[in-house]
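1. how would this look folded up:
(one chain, ligands or ions: 1)
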Amino acid sequence: MNRIIKKFLDLTDYTYTYGDEDELKKHLPDNINSDEFGNFFIKIGENSETMFCSHLDTAAFEKQKVQHDFWKTEGQLFVGTKGDIIKRTYKNKKGESIEYDAKEGTLLGADDKAGVVIMLNMIENNIPGLYYFFVGEEVGRIGSTHALKKYKDIFKSYKRCIAFDRRGYGSIISRQMGMQCCSNDFVNELSIQFKKHGMKFENDPTGIYTDSATFMSIIPECTNLSVGYFDEHTEFESQNLTYLIKLANTCTKIDWESLPTKRNPNPFKTEDPKRKPKTQGDLTDDELWDIFIDVDDILESIADVYCKNYKDFIPEKEMIYYDYNTENLTSVWIHEDGSITVDNQTFRDYNDLKEALLFYFDYNEKDDNYVDIDDDDDDDDYVDVDDDDDDFNFKNNMEKMSNEFTNKLDMTKFLEDIIIYVDSKNNNEISAANMQKILDKYNKKIESIIYWIYYNGNDPDKTYGITWDNDNNIFKIYTN
Ligand SMILES: [Zn+2]
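-> Numbers count the residues shown, from 1 in each chain. Next up is the predicted model:
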């Protein structure tokens with residue numbers, strides 16, 4: 001029997017759950033090390049900057065004997081588990097019984113023994129790297145989270161972390177936990193390397209998380225690669241063994257050390273500014289801190305944002321705001337003279353910023369739902385949202401107006417009109433007045449498109465290339 005297949009079948013003889021992983025030690029290299037959390041690791045070579053990882057636990061509820069079942073599809077050998085297909089029913093929302101196929105039997109555990117097998121083969125072939133076999137991935141990345149906390153300084157010296165724990169074929173995961181986990185350059189180069197050896201691996205931004213996500217804040221390039229399993233976490237789980245053999249061999253030929261390192265592992269850690277001595281017109285640091293607190297309050301109250309480096313505030317330092325909804329980052333600077341930059345808009349002072357925000361959020365004053373900013377210049381400047389109606393707040397306002405814009409709008413036709421306008425003027429800008437003329441055709445208000453744009457973070461990717469420049473009262477159009 002093929003060595004890779006034999007190893008895979010040995011490792012999947014039972015469904016090992018979190019706590020059982022130690023029983024797998026007999027299948028790992030003799031000189032493997034373990035840490036106090038139960039993770040196993042081994043270092044091959046001296047100068048590698050690559051870490052590889054997989055996990056030893058299976059997402060089963062209990063340890064059970066696995067009955068392997070083999071079949072061939074289009075010349076590819078698959079393994080799954082034995083078990084009868086049975087009919088089960090569930091009640092849907094309307095109370096109707098819906099029948100579905102279920103299977104008796106166990107999980108296979110290809111998630112993630114496929115990854116384990118690939119790494120064992122690389123170790124046997126002396127491919128340099130730090131190899132980590134984690135425990136408890138399926139119960140919240142317990143093993144890797146503990147390891148990171150305790151051995152941060154060790155992991156910090158690595159440039160890339162490759163997990164082998166993705167379903168299907170050919171994915172290079174570039175996003176995990178809602179954030180970019182590796183750079184485009186890294187993905188492209190890895191893709192080229194696989195192609196050189198006859199395998200198609202491409203960018204896949206749909207990852208949720210695996211152990212490599214644990215290291216995103218300290219290791220620049222973190223990814224997760226497909227290992228050819230399907231229907232993980234169910235009794236229908238299967239593994240393409242033909243694919244596993246090919247991938248295991250290919251992984252010994254990839255030049256992991258040559259992969260580029262481009263991503264900033266901690267985008268929230270910004271550089272300290274080089275500050276000049278105070279000159280006339282500059283405010284004191286205490287005054288600037290007060291401005292920052294006010295700006296922070298107002299931003300948090302109008303949007304679901306959070307300052308990721310709040311504690312590190314220094315005037316002139318880039319402060320990073322993370323938007324929980326859109327996952328966008330926005331930068332804020334408080335300058336020495338008290339002026340404020342939010343994203344790429346600068347405001348002369350705090351009052352200027354408040355005014356701009358009033359413009360966006362105070363459209364409905366008649367209903368008494370508005371931003372009430374205390375302007376008598378004492379310390380309690382704040383955003384006062386009328387709380388009579390709990391559901392009513394600025395975000396809802398924005399959502400409502402945003403929906404008003406997109407509601408029953410034929411976006412294709414609307415965009416066509418915009419492109420025609422832009423082409424005819426040979427200028428990628430539309431004044432608010434001229435945009436209103438286009439919108440008249442669709443019975444939409446100018447405010448609603450501004451809110452729609454703001455609701456989407458003024459992000460051309462999400463607004464079909466239309467952004468709003470409030471300073472100049474114009475829309476900007478990106479046509480490619
Ligand atoms: Zn997994």
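2. what are the buried residues along the longest helix seen in the chain?
-> Across the chain, the longest stretch assigned as helix under DSSP state H is helix 285-302. Buried residues in helix 285-302, counted by 16 or more other C-beta atoms under 10 Å: 288, 290-292, 294-296, 298-299, 301-302. C-beta coordinates here come from the backbone N, C-alpha and C atoms, glycine included.
3. what helices and strands are in contact with that helix?
-> Helices and strands touching helix 285-302, by 3 or more C-beta pairs under 8 Å, 6 or more residues apart in numbering; DSSP states H and E, are strand 305-307, strand 329-334, strand 340-342, helix 350-361, helix 394-406.
4. what about 10 Å?
-> In this structure, helix 285-302 packs against strand 305-307, strand 319-323, strand 329-334, strand 340-342, helix 350-361, helix 394-406, with contacts taken as 3 or more C-beta pairs under 10 Å, 6 or more residues apart in numbering; DSSP states H and E.
5. specify the angle between the third one and helix 350-361 in degrees.
-> Here the directions of strand 329-334 and helix 350-361 differ by 150 degrees (axes from the mean of the first three to the mean of the last three C-alpha atoms, to 10 degrees).
6. quick one: distance of strand 329-334 to the chain centre.
-> The chain centre lies 20 Å from the centre of strand 329-334; the measure is C-alpha atoms, centre = their mean, to the nearest Å.
7. what is the burial count for residue 15?
-> Close neighbours of residue 15, defined as other C-beta atoms under 10 Å, add up to 21.
8. if I read this right, it contacts residue 81, doesn't it?
-> Yes. Assessed by C-beta atoms under 10 Å, residue 15 is found in contact with residue 81 at 9.3 Å.
9. using the three-state scheme, assign whichever residue of the stretch 151-300 of the chain sits closest to the ion.
-> Per C-beta to the ion, residue 165 is where the stretch 151-300 of the chain lies closest to the ion, at 4.2 Å. With DSSP: H, G, I helix; E, B strand; the rest coil as the basis, residue 165 sits in strand.
10. what's the closest non-adjacent residue to residue 46?
-> Leaving aside its chain neighbours, residue 46 sits nearest to residue 128 (7.8 Å; criterion: C-beta to C-beta, 6 or more residues apart in numbering).
11. quick check, pLDDT for that neighbour.
-> Turning to residue 128, the model gives it a pLDDT of 98.
12. just residue 12 next, same as before
-> 98.
13. next, give phi and psi for it.
-> Torsion angles at residue 12 (phi, psi; degrees, to the nearest 10) stand at phi -110, psi 30.
14. residues contacting the nearest residue to it once chain neighbours are set aside?
-> Distances taken as C-beta to C-beta, 6+ apart place residue 109 nearest to residue 12, at 4.4 Å, with adjacent residues excluded. Residue 109 sits next to 8, 11-17, 56-60, 64, 66, 81, 116, 229, 232, 237, 239 when contact means C-beta atoms under 10 Å, 6 or more residues apart in numbering.
15. list residues touching both of residue 15 and residue 81?
-> 64, 66, 106-109.
16. related to what we said a few turns ago, let's have the buried residues of helix 285-302 in a markdown table, adding pLDDT and distance to the ion.
-> What follows is these, written out as a markdown table (pLDDT from 0 to 100; distance: C-beta to the ion, whole Å):
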| residue | pLDDT | distance to the ion |
| --- | --- | --- |
| 288 | 94 | 48 |
| 290 | 91 | 48 |
| 291 | 93 | 47 |
| 292 | 94 | 42 |
| 294 | 88 | 46 |
| 295 | 91 | 42 |
| 296 | 89 | 39 |
| 298 | 84 | 43 |
| 299 | 85 | 38 |
| 301 | 76 | 40 |
| 302 | 76 | 39 |
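17. and which of those residues is nearest to residue 77?
-> Nearest to residue 77 among those is residue 299, at 56.3 Å by C-beta to C-beta.
18. quick check, the biggest strand by length in the chain touching the ion?
-> Counting residues, the longest strand in the chain under DSSP state E turns out to be strand 221-230. No. Using C-beta under 5 Å from the ion, strand 221-230 stays clear of the ion, with a minimum separation of 8.6 Å.
19. for that strand, which positions count as buried?
-> For strand 221-230, by 16+ other C-beta under 10 Å, it's 221-230.
20. check stretch 242-256 too.
-> In stretch 242-256, counting by 16+ other C-beta under 10 Å, buried: 242-251, 254, 256.
21. C-terminal to the longest strand of the chain, what's the next element?
-> strand 238-240 (DSSP states H and E).
22. in the stretch 151-300 of the chain, what spans have low per-residue confidence?
-> 178 (pLDDT under 70).
23. quick one: name the residues of it near the ion.
-> For the stretch 151-300 of the chain, the contact set with the ion under C-beta under 5 Å from the ion comprises residue 165.
24. residue boundaries of the strands in the stretch 151-300 of the chain?
-> 160-167, 171-173, 175-176, 179-180, 202-204, 221-230, 238-240 (DSSP state E, counting those that start in this stretch).
25. stretch 60-68 spans what distance, first to last residue?
-> From its first residue to its last, stretch 60-68 covers 16 Å (C-alpha to C-alpha, to the nearest Å).
26. so which strand or helix has residue 117?
-> Residue 117 belongs to helix 110-124, assigned by DSSP H and E.
27. one step back: and the contacts of residue 109, which of them are in helices?
-> Filtering the contacts of residue 109 for helices - DSSP H - leaves 8, 11, 116.
28. who wins for neighbours among these?
-> Neighbour count (other C-beta under 10 Å) singles out residue 116 as the most crowded of these, with 28 neighbours.
29. OK, contacts around that residue?
-> 7-8, 11-12, 24, 27-28, 40, 53-56, 109-110, 131, 133, 164-165, 227.
30. and for residue 145?
-> Per C-beta under 10 Å, 6+ apart, neighbours of residue 145: 37, 134, 136-137, 211, 214.
31. number of residues surrounding the closest residue to residue 175 other than its chain neighbours?
-> Using C-beta to C-beta, 6+ apart and skipping residues adjacent in sequence, the residue nearest residue 175 is residue 205, 4.3 Å away. By other C-beta under 10 Å, 13 other residues sit near residue 205.
32. residue most distant from the centroid, the chain?
-> The centre of the chain is farthest from one residue, residue 280, which by C-alpha atoms, centre = their mean lies 44.4 Å away.
33. for that residue, what are its contacts?
-> Shown in contact with residue 280 (C-beta under 10 Å, 6+ apart): residue 337.
34. which stretches of the stretch 1-150 of the chain form strands?
-> Under DSSP E, counting those that start in this stretch, the stretch 1-150 of the chain gives strands at 33-34, 40-44, 50-55, 68-73, 76-81, 85-91, 97-103, 129-134.
35. how about the ones you listed, which one is nearest the ion?
-> strand 50-55 (5.7 Å).
36. list the pairing partners of that closest one within its sheet, with orientation.
-> Strand pairing for strand 50-55, using DSSP bridges, gives strand 129-134 (parallel), strand 160-167 (parallel).
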